[in-house]
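Participant: Can you look at this prediction? I've put the sequence above it.
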Amino acid sequence: MWLTSKIKQVFMVAKPGVVTLRYPFEPRPAPKNFRGQPYWDHHKCIGCGGCAAHCPARTILVRDLCQELRVMVYDGSRCTYCGRCADVCPEDAITMTESFELATGDKEDINETMELFMATCQRCGRCYDHEITNAIDRMSRIGFKYDSIEMRAVVPVSSEQFDMKLYEKTEKIKRPEKAGE
Amino acid sequence: MPGIEEIKNGLKKKFKDAVVAVEEQNPTRLFVDIKSAKVREISNEIIAMGGRYLVSIGYDNISRDKTLGMIHTFGFDRDGIFLSLRTAVPESKPVMDSITPDIPNAGWSEREYMDLLGMKFTGHPKPKRLILADDWPEGVHPLRKDIPWNLMPPAAEDVAYQLDECPEGCSIVPVGPYHPTLHEPAHFAVYVDGETIKGSDYRGFMTHRGIEKLCQTQLTYNEIPFVAERICGICGSVHATSYSQAVELAGGIKISRRAEYIRTIMLEIERIHSHLLWLGVAGHLIGFDTVFMQSWRIREPIMWLGERMTGNRKTYGMIVIGGVRRDITPEIKEDILNVIGKVEEELLTVQKAIQGDSAIHRRTKGVGYVSTADTVLWSLVGPVARARNVDIDVRRDYPYAAYDEMKFDVPVFDSNDVWATVLVRLLETFEAIKIIRQCLDKMPNDGPILTELEAPIPALKHALTAVEAPRGEVVHYVITGEENAPERWRVRAPTYPNLQGVPLMLLGNQLADVPIIIGSIDPCFSCTDRMEIVDLRSGAAKTASQGELEELSRNKR
């Protein structure tokens, strides 16, 4: 029993032989449909912010610097490559490329920033209602329009010891702030 | 065997006033509202009727009626009915009877809500901290709505978890937090007398990330499937499917048949690669690296197939509320058939080569024995239960997606040991291949893969779904909320009940079998880096490296 098993195992191993790939010495292209690094086509983008509203990892931030200028920032260091942005883009301005070798020493290498000139509404003089009752604001709840671009993450504050008084102070711990509050 | 009417009438007749209301969401989902004073008696009655305990869900309802809600859920396997026992206690006095003395598996759920909601359970045998870190301040309950999601209390030193009392004359062998089987931290204190295990205590939840709180407060309905998928690195689609089904059930959304078939295919592909991964890990743990290398070689084409189908080798991102994101084209169909055909052929070779190997038999037969009665008592699930002669499988008992049209066998063994879990997983892999073939064969060619929602999802609807993951049954409970996000989302992964059964499996075994026993439940936590051996009698401590522990396990004869 033992011996026959061992003989079978030898055949099992010998038949496929060496299967290890020579990557990275030989390139191994990703299949088409692969969800790699997203690419923004600024000619097509209309700045609707749909991608920012749907991004589960909140890596796409939108901010209006002034009435006519909208900045969109893609923070590649937090991206989960789900491709949801490419799904929802109404203009097909986002494509998931086949590039996956994204290791870098500088995070800025994988970030992308777009500055878009926005048209002003002829009737009300602005892009849309800035009140919180606005449907777009309700849809996105946080982030989207008000996300602070400089402060992308929660800043942890900690001290040597703790007690209830200290805990009460943690109310003042820095959190991502909403503009205008 | 009781039908839904008998359950309803039985409870009403026996407990009269204590049963406040009964709601029948559909023929397989029953919600019973009860008064909190009778929770223990009613739970026991449900178990006596043939129910199996699943999980408990606690939620903060203070803003509405100043109560903390508690839901115990049960499944009637033979009838395919899920029963949710809903009750509530006032915020000012959040005390209710513990059901743990009779249903040991409820222990963790109740401890969870002691930590997260500040509830108290009278009669709980082990009211220790479970989820929160040891230095988290007392009296701060993070799942309550008044606590912000990103609260970070300052860290503290000199606080440690107090392990259970060690039996007299035994030594403690701490295993972890960086640990023997897989790749996440957990701590087992194993009490040994010589080489024989006399008991153990567990301290885990070291990577508790507060996903539920995060999703309830920060994310919207259709973003959560992507977070859900990352709960588990191996069975991601399972969580995404379960969550999506729960929201669809609560919101009354009907998805197309084709989308259900595609979900089924994704779940089964995941089962194949998960079982192959486990087979490799198990081989490695007992020092049989040929199995490890070969089963991972066979698994790799499945990962590449996933890449071609969905765009990524593991986090598929296929499943969202309303259906799936990518279709299965005729070319992909051909591709799937080729790949699974090859896997089947090669796995058969492996099976033939190892099933007669006496080395494997000696390391797995009779190891990790748990009697069938204990398995039922502790509500163990999945291959762990099926290897111990408990015939449960969510796919067959509570059909979801396209499983109602599938024909497959559920392998069950009665040797109650690790060897039986090996066999169950091997046979299930072949069954999964069978199911994928049936799916591709029967799949309707029309219908949208993603159904548009016609109206917003109504608020405060409850829904419970279960999905058979490779490791066992996954249970998701959703209470819908008002702001395009769930009010409460509870996830119970299969390791949650199974890990509670590990002390039972370890009892009476040898120290060198610890890795394979813990490994046999395919736990969703982690790899040995080092462990410390403390001899109580001499007080001397020595540290064993990962290499030494692995050596110990692999050289055992």
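Facilitator: Yep, it's here. Numbers count the residues shown, from 1 in each chain, chains lettered A, B, ... in the order given.
Participant: Every contact and neighbour count from this point should use C-alpha atoms.
Facilitator: OK.
Participant: longest helix in the chain, by residue count?
Facilitator: No chain in the question, so chain A it is. Ranked by residue count and defined by DSSP state H, the top helix of chain A is helix A:2-14.
Participant: that answer is for a different chain, and I need it for chain B
Facilitator: The helix spanning the most residues in chain B, taking DSSP H as the definition, is helix B:257-285.
Participant: hmm, who's touching stretch B:238-251?
Facilitator: When contacts are taken as CA atoms under 8 Å, 6 or more residues apart in numbering or on different chains, the neighbours of stretch B:238-251 outside the stretch itself are B:225-226, B:228-229, B:231-232, B:254, B:263, B:267, B:319-322, B:457-458, B:461-469, B:474-480.
Participant: switch to 6 Å and redo it
Facilitator: Applying CA atoms under 6 Å, 6 or more residues apart in numbering or on different chains, the set of residues contacting stretch B:238-251 from outside is B:225, B:228, B:229, B:321, B:457, B:461, B:462, B:463, B:464, B:465, B:467, B:469.
Participant: For chain A, what's the nearest residue on the stretch 1-150 of chain B?
Facilitator: With CA to the nearest CA, the shortest gap between the stretch 1-150 of chain B and chain A falls at residue B:137, namely 7.1 Å.
Participant: That residue: which element?
Facilitator: Residue B:137 is part of no helix or strand, with elements assigned from DSSP states H and E.
Participant: what pLDDT does it get?
Facilitator: Each residue has a pLDDT score; the one for residue B:137 is 86.
Participant: which residues does it contact?
Facilitator: When the contact criterion is CA under 6 Å, 6+ apart, residue B:137 has no partners at all.
Participant: So it versus residue B:341, what's the distance?
Facilitator: Between residue B:137 and residue B:341 the distance is 56 Å, computed by CA to CA, to the nearest Å.
Participant: And residue B:452, by the same measure?
Facilitator: For residue B:452, the distance to residue B:341 equals 35 Å [CA to CA].
Participant: same check, this time on residue B:88
Facilitator: Taking CA to CA as the measure, residue B:88 and residue B:341 are separated by 53 Å.
Participant: Likewise for residue B:215?
Facilitator: Taken as CA to CA, the span from residue B:215 to residue B:341 is 40 Å.
Participant: what does chain B have sitting close to chain A?
Facilitator: Chain B has residues B:153, B:154, B:156, B:223, B:308, B:311, B:317, B:353, B:357, B:358 near chain A, with proximity defined as CA under 6 Å from any CA of the partner chain.
Participant: my guess is residue A:95 is in a strand, correct?
Facilitator: Yes. Secondary structure assignment places residue A:95 in a strand (DSSP: H, G, I helix; E, B strand; the rest coil).
Participant: what pairs with it across the strands?
Facilitator: Under DSSP bridges, the beta-bridge partners of residue A:95 are residue A:39.
Participant: how deep is it tucked in, by neighbour count?
Facilitator: Around residue A:95 sit 18 other residues, with neighbours defined as other CA atoms under 10 Å in any protein chain shown.
Participant: Just to check, it is in contact with residue A:37?
Facilitator: No. The pair residue A:95 / residue A:37 is not scored as a contact, 8.5 Å apart, by CA atoms under 6 Å.
Participant: Now name the helix or strand holding residue B:335.
Facilitator: For residue B:335, the element it lies in under DSSP H and E is helix B:330-355.
Participant: can you tell me the average pLDDT over that helix?
Facilitator: Averaged over helix B:330-355, pLDDT sits at 92.
Participant: tell me which residues of that helix are tucked away?
Facilitator: The neighbour-count check on helix B:330-355 (16 or more other CA atoms under 10 Å in any protein chain shown) flags B:336, B:340, B:343, B:344, B:346, B:347, B:350, B:353, B:354 as buried.
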